[in-house]
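**Student:** Test case, fold it:
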Amino acid sequence: MSIKSFLARKWAQYIRKKIDLWAKDPIPTQEKILSSLIQKAKNTVFGKDHHFDQIHSYEDFVKQVPIRDYEALSPYIERVKEAQSDILWPGKPLYFAKTSGTTSGAKYIPLTKESMPYHIQAARDAIMCYIAQTGKADFVNGKMIFLQGSPILEKKNGILLGRLSGISAHYVPKYLQRNRMPSWETNCIEDWETKIDAIVKETIKEDMTVISGIPPWVQMYFERLQEKSHKPIGELFPHFQLFIYGGVNYEPYRQKFEHLIGRKVDSIELYPASEGFFAYQDSQNEKGMLLLLNSGIFYEFVEADTFFSENPKRISLKDVQIGVNYVLIVSTNAGLWGYNMGDTVMFTSLSPYRIVVTGRIKHFISAFGEHVIAKEVEEALAQAVSKAGGEVSEFTVAPQVNPAPRELPYHEWFIEFEKLPEDTETFANTLDQGLQAQNSYYKDLIEGKILQRLKITCVPKSTFVEYMKSQGKFGGQNKVQHLSNDRKIADNLKW
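**Tutor:** All right, here's what the predicted structure looks like:
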């Protein structure tokens, strides 16, 4: 055992004990966070506009601070972008994390001196929890790669601006600098395909032990490595032990990854966003990710089924239930207040509080009243692959409301298979049964002959890569939307 791995084990045990202190005292921890946020921001423009000096309880907070999305909060953010002080949070932010918006175009999410350390700490603590539980720490002696955006930052009215992953690259601890890949020069390459090729060139002969990134882009990296080396990834990197991912559900990609690697490797799921680092997988045995309750973020939840009603009920952590689909609302030490993340989550445990991300509140299929969500299609697909074979590279689902004459409407699945199942009809049946098991409304529509069984459209290799390129969303932190309530994506898939 090396000194480095020995120290990593000791440090991991210390970090785990610190995490357990707040995890075992969740409600008071969150109450303290809310009180602290209100006190620190009461003299800001937002705090004065919303009478923070009159907020003494969560009920007061709900009365004074409405739920807002980015567009509704943008009048305040525009003033922050103009370098005005004390608007949403005391002073000015250190950075703006630039993200892809929807109706608003690009979004500029503030990162402050109070919020930024938690982004770095959470990623570290996720690894520490893994070491503390498993005792595995030899990987710290090898090379680690984090597929991320360019660390080159711009300035906007004196405030640095970039992608969150690029900003985070400036905070890599010194003890990891020697192990970290790719090189700074390669990381600065903007064109994703050029960058992947450069990363392959730099890493193909290295002892890679940890690989991190969004699954579809790590998959592309693995495929390029395999093309160059003609070896499974697990043979090319015999000490590759840990895959760290976030952004999308890993399950639809897992079988393809294990085929590329040639064996199973441990994995850690993260839930980072520009707005905050919300959760990470703290256990290899329990389902879900530990919700980070002591990281300068106060959480609220609204049942997804009621979210678009006139006055949806907001609840704090103490009132959540297991198995309910909630829209995630956050208030943070970066100056976001009652902020609708647009993500939906479901609790898998209340002691400690663990969640799974179930999708986006705007990403669903309910053309016929079924309200199918991302978690349901992803789990149904994973089950179909497990039972009926095949390997899936990527997919998306859309409703077909205008079928051929005398046909019932249906859900159309556009699947890019790496390896076709032996019998696509059996695969489709298994997939449909899986979705019916996940969603009772969908099952009722099938049994009531309102919908016919889903149909699969097989698309050629690289269809989704070409689609993402056509949308200007190729590489980095971008990901394919797995389901839509219209056919905008479906009609833009060309093959």
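**Student:** ok, longest strand in the protein?
**Tutor:** The strand of greatest length in the chain, counted in residues with DSSP state E as the criterion, is given as strand 339-350.
**Student:** Pull that one out as CSV, backbone CA atoms only.
**Tutor:** Once side chains and other backbone atoms are set aside, the C-alpha atoms of strand 339-350 remain, and they are given as CSV (Å, rounded to 0.1, in the frame of the first residue of the first chain):
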residue,chain,number,x,y,z
TYR,A,339,-35.6,28.9,-7.8
ASN,A,340,-37.3,26.3,-10.0
MET,A,341,-34.5,24.0,-11.2
GLY,A,342,-36.8,22.4,-13.7
ASP,A,343,-35.6,19.0,-12.5
THR,A,344,-37.8,16.3,-10.9
VAL,A,345,-36.6,14.1,-8.1
MET,A,346,-37.9,11.2,-6.1
PHE,A,347,-36.9,10.2,-2.6
THR,A,348,-35.6,6.6,-2.1
SER,A,349,-34.8,7.0,1.6
LEU,A,350,-35.7,9.5,4.4
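**Student:** And it, what does it pack against?
**Tutor:** Strand 339-350 sits against strand 326-332, strand 353-360, with contacts defined as 3 or more Cβ pairs under 8 Å, 6 or more residues apart in numbering; DSSP states H and E. No exception for glycine: its C-beta is placed from N, CA and C like everyone else's.
**Student:** tell me which residues in it are buried?
**Tutor:** Residues of strand 339-350 classed as buried under the neighbour-count rule (16 or more other Cβ atoms under 10 Å) are Tyr339, Asn340, Met341, Gly342, Asp343, Thr344, Val345, Met346, Phe347.
**Student:** For the helices and strands packed on strand 339-350, which has the smallest mean pLDDT value?
**Tutor:** Within the helices and strands packed on strand 339-350, confidence is poorest for strand 353-360, with a mean of 92 (mean pLDDT).
**Student:** contacting residues around the residue nearest to Lys479 when sequence neighbours are not counted?
**Tutor:** Sequence neighbours aside, Val248 is the residue nearest to Lys479 in space, at 5.0 Å (criterion: Cβ to Cβ, 6 or more residues apart in numbering). Neighbour list for Val248: Ile214, Pro215, Pro216, Lys479, His482 [criterion: Cβ atoms under 8 Å, 6 or more residues apart in numbering].
**Student:** His482 now?
**Tutor:** Val248, Pro252, His363, Ala374, Val377, Glu378, Phe395, Thr396, Val397.
**Student:** hmm, which of the residues you listed are the buried ones?
**Tutor:** Looking at those with 16+ other Cβ under 10 Å, the buried ones turn out to be Val248, Pro252, His363, Ala374, Val377, Glu378, Phe395, Thr396, Val397.
**Student:** Please look at the second one and Val392 and confirm they touch.
**Tutor:** In this case it means Pro252. Yes - with contacts counted by Cβ atoms under 8 Å, Pro252 reaches Val392, the gap being 5.9 Å.
**Student:** tell me, what's touching those two both at once?
**Tutor:** Residues touching both Pro252 and Val392 comprise Leu381, Val385, with contact defined as Cβ under 8 Å, 6+ apart.
**Student:** For the buried ones among the contacts of His482, could you give me CSV that also reports pLDDT?
**Tutor:** Output for the buried ones among the contacts of His482, formatted as CSV (pLDDT from 0 to 100):
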residue, pLDDT
Val248, 78
Pro252, 77
His363, 80
Ala374, 85
Val377, 92
Glu378, 89
Phe395, 93
Thr396, 94
Val397, 94
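**Student:** Among these, which one lies nearest to Ile67?
**Tutor:** Within the buried ones among the contacts of His482, the smallest distance to Ile67 is 18.7 Å, found for His363 (Cβ to Cβ).
**Student:** which residues does that closest one bridge with?
**Tutor:** Legend: beta-bridge partners of His363 under DSSP bridges are Arg360.
**Student:** Neighbours of the residue lying closest to Tyr441 once chain neighbours are set aside, how many?
**Tutor:** Nearest non-adjacent residue to Tyr441, counting by Cβ to Cβ, 6+ apart: Glu370, 4.4 Å away. Here the number of neighbours of Glu370 (other Cβ atoms under 10 Å) works out to 23.
**Student:** so the residue of the chain most remote from its centre, which of the three states?
**Tutor:** Among the residues of the chain, the one whose C-alpha is farthest from the average of all C-alpha positions is Arg406, by Cα atoms, centre = their mean at 41.1 Å. For Arg406, the assignment made with DSSP: H, G, I helix; E, B strand; the rest coil gives coil.
**Student:** separation between it and Gln452?
**Tutor:** Relative to Gln452, Arg406 is positioned 11 Å away (Cβ to Cβ, to the nearest Å).
**Student:** isn't Lys375 right next to Thr358, touching?
**Tutor:** Yes - using Cβ under 8 Å, Lys375 is in contact with Thr358, at 3.9 Å.
**Student:** overlap in contacts of the two?
**Tutor:** Here Lys375 and Thr358 share the contacting residues Met346, scored by Cβ under 8 Å, 6+ apart.
**Student:** what about Gln133, helix or strand, and which?
**Tutor:** helix 116-134 (DSSP states H and E).
**Student:** same question, Lys155
**Tutor:** Here Lys155 is covered by strand 154-156, with elements defined by DSSP H and E.
**Student:** so what secondary structure elements neighbour that strand?
**Tutor:** Contact analysis of strand 154-156 by 3+ Cβ pairs under 8 Å, 6+ apart lists strand 159-162 as its packing neighbours.
**Student:** what comes into contact with the strand it packs on?
**Tutor:** Judged by Cβ under 8 Å, 6+ apart, the contacts made with strand 159-162 from elsewhere in the structure are 81, 83, 92-98, 108, 149-155, 167.
**Student:** May I see the buried residues of that strand?
**Tutor:** Residues of strand 159-162 classed as buried by neighbour count (16+ other Cβ under 10 Å): Ile159, Leu161, Gly162.
**Student:** So the first one versus Phe46, what's the distance?
**Tutor:** Going back to what we said before, that points to Ile159. Using Cβ to Cβ, which is the criterion applied here, Ile159 is 18 Å from Phe46.
**Student:** Next: the second one.
**Tutor:** Leu161 sits 21 Å away from Phe46, going by Cβ to Cβ.
**Student:** do the same with Leu160
**Tutor:** In this structure, Leu160 and Phe46 are separated by 22 Å, where distance is defined by Cβ to Cβ.
**Student:** cool, Pro405 as well?
**Tutor:** Spatial separation of Pro405 from Phe46 under the definition Cβ to Cβ is 57 Å.
**Student:** just Ala72 next, same as before
**Tutor:** 12 Å.
**Student:** Check the contact lists of the two and give me the overlap.
**Tutor:** Overlap of the contact sets of Ala72 and Phe46 (by Cβ under 8 Å, 6+ apart) is empty.
**Student:** neighbour count winner among these two?
**Tutor:** Legend: neighbour count by other Cβ under 10 Å for Ala72 and Phe46, higher for Phe46 (20 against 14).
**Student:** pLDDT weak spots in the stretch 51-200 of the chain?
**Tutor:** 100-105, 175-176 (pLDDT under 70).
**Student:** Return the alpha-carbon coordinates of the host helix or strand of Asp432 using PDB.
**Tutor:** Taking DSSP H and E as the criterion, Asp432 maps to helix 424-438. What follows is the C-alpha trace of helix 424-438 in PDB, where atoms were taken according to Å, rounded to 0.1, in the frame of the first residue of the first chain:
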ATOM      1  CA  THR A 424     -36.700  -6.800 -32.400                       C
ATOM      2  CA  GLU A 425     -40.400  -7.800 -32.000                       C
ATOM      3  CA  THR A 426     -39.600  -9.400 -28.700                       C
ATOM      4  CA  PHE A 427     -37.600  -6.400 -27.700                       C
ATOM      5  CA  ALA A 428     -40.500  -4.000 -28.500                       C
ATOM      6  CA  ASN A 429     -43.000  -6.200 -26.600                       C
ATOM      7  CA  THR A 430     -40.600  -6.400 -23.600                       C
ATOM      8  CA  LEU A 431     -40.100  -2.600 -23.700                       C
ATOM      9  CA  ASP A 432     -43.800  -1.900 -23.900                       C
ATOM     10  CA  GLN A 433     -44.600  -4.200 -21.000                       C
ATOM     11  CA  GLY A 434     -41.900  -2.600 -19.000                       C
ATOM     12  CA  LEU A 435     -43.300   0.900 -19.600                       C
ATOM     13  CA  GLN A 436     -46.800  -0.300 -18.700                       C
ATOM     14  CA  ALA A 437     -45.400  -1.700 -15.400                       C
ATOM     15  CA  GLN A 438     -43.800   1.700 -14.800                       C
END
